[in-house]
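> need a 3D model of the following:
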Amino acid sequence: MKEYNVAILGATGAVGMRMIDQLANSTVPVKNIKLLASKRSAGKKMKFKGQEVTVEEATPESFDGVDLVLASAGGAASKKFLPEAVKRGAVCVDNTSAFRMDPEVPLVVPEVNVDQLKNHKGIIANPNCSTIQMVVALEPVFKKYGLKQIVVSTYQAASGAGQSALNEFYQQAQDYLDGKEMKSTILPTGSDKKHYPLAFNLLPQIDVFEDYGYTHEEWKMIHETKKIMLNDMDAKDIKVTATCVRVPVPISHGESVYFEVADKSATAEDIKAAIRDADGVTLQDDPDHQVYPQPLTAEGHRETFVGRIRPDLENEGAFHLWVVADNLLKGAAWNTVENAERLVEQDLVHVPEDHYEAK
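Numbering: from 1, shown residues only. This next block holds a predicted model:
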């Protein structure tokens, strides 16, 4: 069996640490592991399969001899280092937004469009965490009954904004309970002018505002969904609209999804059956016994959980569902490693001659 030299870029972050664990419990045969991070994290000791590994500062030369790179160190780091890794012969799976909308880079959720892996030029992009769980839930419906429109409202966990945002959320909650003033320096987004507390609050802004009053997160969900499901970020075949909200939950995103199918003979039981049989999905839908997906029970699991499937009583051929997934696992670390597994299975861990070059 062929074994691979693997590097994890951003190994000390919340997603990077989970990548280490997911890789250790994957089918990827690892010969050697490199853990890469910023200069300030270099020298830190971490473990992979029980063996101690020293974190190294990421440089272009770090990727010499590396076959496979799993990256989650931020968009700037990915843009700087991944083209360098590709030049040195590595195939990269990137969990940042750096390459998602690049037409030369496949945007892949294995349960939905694994066939796009064969088109890689050295880099494969992981979609946004909120997009991943929605398309996993809807793909079996799309395959069987077609989709005309999707309207999604997200309930996104604090950890989606990074470990510092999660830490600030915990501190705010404690300060609120202690009768102290809550301090806010990060959310809704660090780069914007104002910051608000998330504890005991809802923030209907994720990332900065852009055209027509939509946030960047909402545009990402719209265009990523089209690129994944239709291989065209501007496709008109499925209409997609999103409202993204940050909620005071540590881990696991929830989403309320309204969707219209092309085949109007489909029933709610048909939709449930299609989802029940799909890969990577667990159906939790028994309202008589109050069984439905919840962030607390989804945390720590690779699966996408779906429930509350019901017809829209005002619109023929329309339905609603509720979907929850661990945003740090299926929404990030596990989807990255799952893509790596599929690359290995299809013998695609090699850089083609027309490899990706930074623009």
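> next one: the closest residue in space to residue 146 that isn't next to it in sequence from residue 22, what distance?
Distances taken as CB to CB, 6 or more residues apart in numbering place residue 262 nearest to residue 146, at 2.9 Å, with adjacent residues excluded. (Each C-beta comes from the backbone N, C-alpha and C, glycine too.) The gap separating residue 262 from residue 22 is 36 Å, by CB to CB, to the nearest Å.
> what do you get for residue 224?
21 Å.
> the helices in the protein, which residues?
When assigned using DSSP state H, the helices of the chain occupy the ranges 14-24, 75-87, 110-113, 129-145, 163-177, 216-230, 268-276, 295-298, 334-345.
> is it possible to get a markdown table of those helices that adds distance to residue 195?
Formatted as a markdown table, these follow (distance: least, CB to CB, whole Å):
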| stretch | distance to residue 195 |
| --- | --- |
| helix 14-24 | 20 |
| helix 75-87 | 21 |
| helix 110-113 | 35 |
| helix 129-145 | 21 |
| helix 163-177 | 9 |
| helix 216-230 | 16 |
| helix 268-276 | 38 |
| helix 295-298 | 24 |
| helix 334-345 | 29 |
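> among these, which is nearest residue 50?
Among the helices of the chain, the nearest to residue 50 by CB to CB is helix 14-24 (8.7 Å).
> check the offset of the closest one from the chain's centre.
14 Å (CA atoms, centre = their mean, to the nearest Å).
> and residue 36, what does it touch?
For residue 36, the contact set (CB atoms under 8 Å, 6 or more residues apart in numbering) comprises 7-11, 55-58, 62, 73.
> what is the burial count for the residue nearest to it when sequence neighbours are not counted?
With sequence-adjacent residues excluded and distances taken as CB to CB, 6+ apart, residue 36 is closest to residue 58, at 4.0 Å. Close neighbours of residue 58, defined as other CB atoms under 10 Å, add up to 27.
> can I assume residue 58 is in contact with residue 12?
No: taking CB atoms under 8 Å as the definition, residue 58 is not a contact partner of residue 12, at 11.0 Å.
> mutual contacts of the two, please.
Contacts common to residue 58 and residue 12, judged by CB under 8 Å, 6+ apart, are residue 37.
> and the residue nearest to residue 36, how close does it get to residue 104?
Note on residue 58: its distance to residue 104, by CB to CB, is 23 Å.
> and for residue 138?
On the measure of CB to CB, residue 138 and residue 104 end up 26 Å apart.
> more neighbours, residue 262 and residue 22?
residue 22 (23 against 13).
> name the nearest residue to the more buried one, ignoring sequence neighbours.
residue 337 (4.2 Å).
> so how far is stretch 282-299 off the chain centroid?
For stretch 282-299, the separation from the chain centroid amounts to 21 Å (computed by CA atoms, centre = their mean).
> residue furthest from the geometric center of this protein?
For the chain, the C-alpha lying farthest from the average C-alpha position belongs to residue 179; by CA atoms, centre = their mean, that distance is 35.9 Å.
> what pLDDT does that one get?
At residue 179, the model reports a pLDDT of 98.
> cool, and residue 359?
Reading off the model, residue 359 has pLDDT 67.
> hang on, the earlier thing: between the helices of the chain, which one is closest to residue 237.
With respect to residue 237, and counting by CB to CB, the nearest of these is helix 216-230 at 5.7 Å.
> angle of that closest one against helix 129-145?
Helix 216-230 and helix 129-145 are oriented at 30 degrees to each other (axes from the mean of the first three to the mean of the last three CA atoms, to 10 degrees).
> you'd agree residue 317 is up against residue 258?
No: when contacts are counted by CB under 8 Å, residue 317 is not listed as touching residue 258 (11.6 Å).
> a markdown table for the contacts of residue 36, including distance to residue 152 and pLDDT?
Below are the contacts of residue 36 laid out as a markdown table (distance: CB to CB, whole Å; pLDDT from 0 to 100):
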| residue | distance to residue 152 | pLDDT |
| --- | --- | --- |
| 7 | 34 | 98 |
| 8 | 31 | 98 |
| 9 | 30 | 98 |
| 10 | 28 | 98 |
| 11 | 32 | 98 |
| 55 | 37 | 98 |
| 56 | 40 | 98 |
| 57 | 40 | 98 |
| 58 | 35 | 98 |
| 62 | 38 | 98 |
| 73 | 28 | 96 |
